[in-house]
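J.: Here's my sequence, what's the structure:
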Amino acid sequence: MTDQKILAEIVVPTQELRDDIPFFTRTLGMRLENIYPADSPAVASFSGHGLRVRVEKGAPVAPGLIRILTDDPDSFAQGQRRLTAPNGTEVQIVPLTPAVEPITTEHAFAVQRLRDNAPWVIGRAGMHYRDLIPTRLGGSVIASHIRIPDGGPVPDMVHYHTVGFQLIFCYRGWVDVLYEDQGEMIRLHAGDCVNQPPGIRHRVVHASPNIEVIEIGVPAEHVTTIDHEMTLPNGKGDPAREWDGQRFVHHRKDEAVWAPFRVPGFTARDTGMSAGTKGVAGIQVIRRGEGQPRPYSHDADIHFTFVMDGTMRLSADGQEPRDLEPGDAFVIPPGLTVRYEAASDDLELLEVALRGDFVTRLQA
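T.: As a prediction, the model looks like this:
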């Protein structure tokens, strides 16, 4: 069997082909591939920028829309962002690499309880997702409870995310993941976590049955791009490498050091995320400790907590107290005074704060 060359092209109509040729070749920088008939051209094919376009006189189709992606939009088509070809085809010039757009957080006190039957939806690579912040604070953050009921190989591809911050915390079971420049497979056990710096290539490979993870992404809607060129693992890179100013951090529960939490009555292990992200985010795991808890407020832009084990009562000024159990989550807006009460001895919380260098104010 011989290899066959296969091409694909999109078809757009025209009324006068000769008007379109200079637009597609000069303005858009495409190459004329063929044209016919010679005595009165009615069809021409152009190629360029990974696209092949057939302009056909009288074709019974709409003029269409072409998006050209480039890392230097200002140098393409004299910096124009929207153009219209003589045949009516609209052309948009957009950045090749998506940017993280800043989103103003819509602060709110929110509690999401597992027993309220928040829906699970099927997401990327067959994983089940449950939204832990339904409002997503105006689009500034997404917190997802993710599970893979059957475990086994995960049908994932090498990809990366255009984000400001992203956390993967293994809640139950274990998961194997490959990361760019991090050597061989990394197995995250329950209690372990990693940050995925903006643009780092990675691939989920294998998961235990009933694996569950907590994933935090900023902003809520961000682009996932498949990298068809990179193969992982790709060796051990520079340990000091940064992606958009952030280092890759792999926190292992078994190596953690517990210390007094900033709020009396609790202890915590810091995951090192604040140092690795230069203060972008701070991640801590909190347990019940010695002493009497005190009410407090904070000035973090985003302050999210997930109840991993045990029970507690969350009291906040102006709100009805909420009794919480594993699988529940809550968001505390800046300036609101809250109290962690009736904490069970086995209480364990995952706290995510952006920024990581926020200030806590203890109340009497």
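
J.: going forward, measure contacts between C-alpha atoms and count neighbours the same way
T.: Will do.

J.: Please identify the residue most distant from the middle of the chain.
T.: Within the chain, D39 marks the point farthest from the mean C-alpha position, 54.7 Å out by Cα atoms, centre = their mean.

J.: From R172, how far off is A207?
T.: In this structure, A207 and R172 are 11 Å apart, going by Cα to Cα, to the nearest Å.

J.: Now do the strands in the stretch 201-350 of the chain.
T.: Assigned by DSSP state E, counting those that start in this stretch, the strands in the stretch 201-350 of the chain fall at 202-207, 211-218, 223-226, 250-251, 258-260, 266-270, 282-288, 296-298, 302-309, 312-316, 322-324, 329-331, 338-341, 348-354.

J.: One more: the stretch 51-200 of the chain?
T.: Assigned by DSSP E, counting those that start in this stretch, the stretch 51-200 of the chain shows strands spanning 51-57, 65-70, 82-84, 90-95, 110-112, 120-122, 128-131, 142-148, 152-153, 159-162, 165-172, 174-179, 186-189, 193-195.

J.: among those strands, which is nearest N34?
T.: Of all the strands of the stretch 51-200 of the chain, strand 51-57 sits nearest to N34, with 9.3 Å by Cα to Cα.

J.: Could you list the buried residues of the closest one?
T.: Neighbour-count burial for strand 51-57 flags R52, V53, R54, V55, E56, K57 (criterion: 16 or more other Cα atoms under 10 Å).

J.: Format those as CSV; extra columns: distance to G88 and pLDDT.
T.: As requested, these are exported to CSV (distance: Cα to Cα, whole Å; pLDDT from 0 to 100):
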residue, distance to G88, pLDDT
R52, 17, 97
V53, 14, 98
R54, 14, 98
V55, 11, 98
E56, 12, 97
K57, 12, 96
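
J.: Validate this expectation: F23 resides in a strand.
T.: No: counting by DSSP: H, G, I helix; E, B strand; the rest coil, F23 is located in no strand; its state is helix.

J.: Could you count how many residues lie near it?
T.: 17 (other Cα atoms under 10 Å).

J.: One more: S208?
T.: Neighbours of S208 (other Cα under 10 Å): 18.

J.: What of Q196?
T.: A count of nearby residues for Q196, using other Cα under 10 Å, gives 25.

J.: Just list whatever residues bridge to the spatially closest residue to it that is not a sequence neighbour.
T.: Closest residue to Q196 apart from its sequence neighbours, by Cα to Cα, 6 or more residues apart in numbering: Q166 at 5.3 Å. Judged by DSSP bridges, the bridge partners of Q166 are G217.

J.: pretty sure Q166 is touching P219, no?
T.: No: judged on Cα atoms under 8 Å, Q166 makes no contact with P219 at a distance of 9.1 Å.

J.: Specify which residue of the two has the higher count of neighbours.
T.: Neighbour totals were compared for Q166 and P219, and P219 leads with 25 against 21 (other Cα under 10 Å).

J.: need the contact list for the residue lying closest to H189 once chain neighbours are set aside.
T.: With sequence-adjacent residues excluded and distances taken as Cα to Cα, 6+ apart, H189 is closest to W174, at 4.5 Å. Each residue near W174 by Cα atoms under 8 Å, 6 or more residues apart in numbering is listed here: R187, L188, H189, A190, A207, S208, I211.

J.: who's in contact with the fifth one?
T.: Applying Cα under 8 Å, 6+ apart, we find A207 in contact with I148, G151, G152, P153, V154, G173, W174, V175, D176.
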